[in-house]
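Sequence below, structure please.
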Amino acid sequence: RCSGPVQFRCFLVSYIRLVHHTLTSAGWIADFRLQRGLPRTMVEVTLLLFAEARELAGKSEGKLVVEASSPPAALMVAILAQFPSLAPISKTVVLALNEQYVDMAAADPLKINAGDKLAVIPPLSGG
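You can find the predicted model right below:
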């Protein structure tokens, strides 16, 4: 498919996609837009805190403003900015967006809409 004279073009397109994906997932594209005065789309979500997260934060829910297209790591940073008391459990919690578990290792941004529900779920034990 990508051979002969078009091989370099295929390589270049793949490389550009990889660089764009890397910059977007690291938040650099959003930072660039912010530095240039370009708008970012921010949305307000309901943050639900369960078990130990609820105890550390002292509340069971709150509002959180996040970028409409945020990777899971950026969501965790936003949560910790508003609830620094959650830092001790930040490496062990799981996030769920609208009752769907979020892959915390994923670099791809999540599509977040105003009014979505974002849950912070610490590890649970029991029998």
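
C-alpha only now, for contacts and for neighbours.
Will do.

Confidence-wise, which helix or strand of the chain is lowest on average?
helix 28-35 (a mean of 55; mean pLDDT, DSSP states H and E).

list the buried ones in the helix or strand just after that helix?
As assigned by DSSP states H and E, the chain's next helix or strand after helix 28-35 is strand 42-49. The neighbour-count check on strand 42-49 (16 or more other CA atoms under 10 Å) flags 43-49 as buried.

In its sheet, which strands sit next to strand 42-49, and in what direction?
Strand 42-49 has the following strand partners under DSSP bridges: strand 61-67 (antiparallel), strand 117-121 (parallel).

Show the low-confidence segments of the protein, by residue range.
Low-confidence segments of the chain, defined by pLDDT under 70: 1-13, 15-17, 19-39, 125-127.

need the helices for it, in chain order.
Ranges of helices in the chain, per DSSP state H, are 7-25, 28-35, 51-57, 72-82.

List the buried residues in the last one.
Across helix 72-82, burial judged by 16+ other CA under 10 Å covers 72-76, 78-79.

Let's see that helix as PDB, backbone CA atoms only.
In PDB, the C-alpha atoms belonging to helix 72-82 read as follows (Å, rounded to 0.1, in the frame of the first residue of the first chain):
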ATOM      1  CA  PRO A  72      -8.000  10.600  32.100                       C
ATOM      2  CA  ALA A  73      -4.700  11.900  33.600                       C
ATOM      3  CA  ALA A  74      -5.900  15.500  33.100                       C
ATOM      4  CA  LEU A  75      -9.200  14.700  34.800                       C
ATOM      5  CA  MET A  76      -7.300  13.400  37.800                       C
ATOM      6  CA  VAL A  77      -5.200  16.600  37.900                       C
ATOM      7  CA  ALA A  78      -8.400  18.700  37.900                       C
ATOM      8  CA  ILE A  79      -9.900  16.500  40.700                       C
ATOM      9  CA  LEU A  80      -6.800  16.900  42.800                       C
ATOM     10  CA  ALA A  81      -6.700  20.600  42.200                       C
ATOM     11  CA  GLN A  82     -10.100  21.000  43.700                       C
END
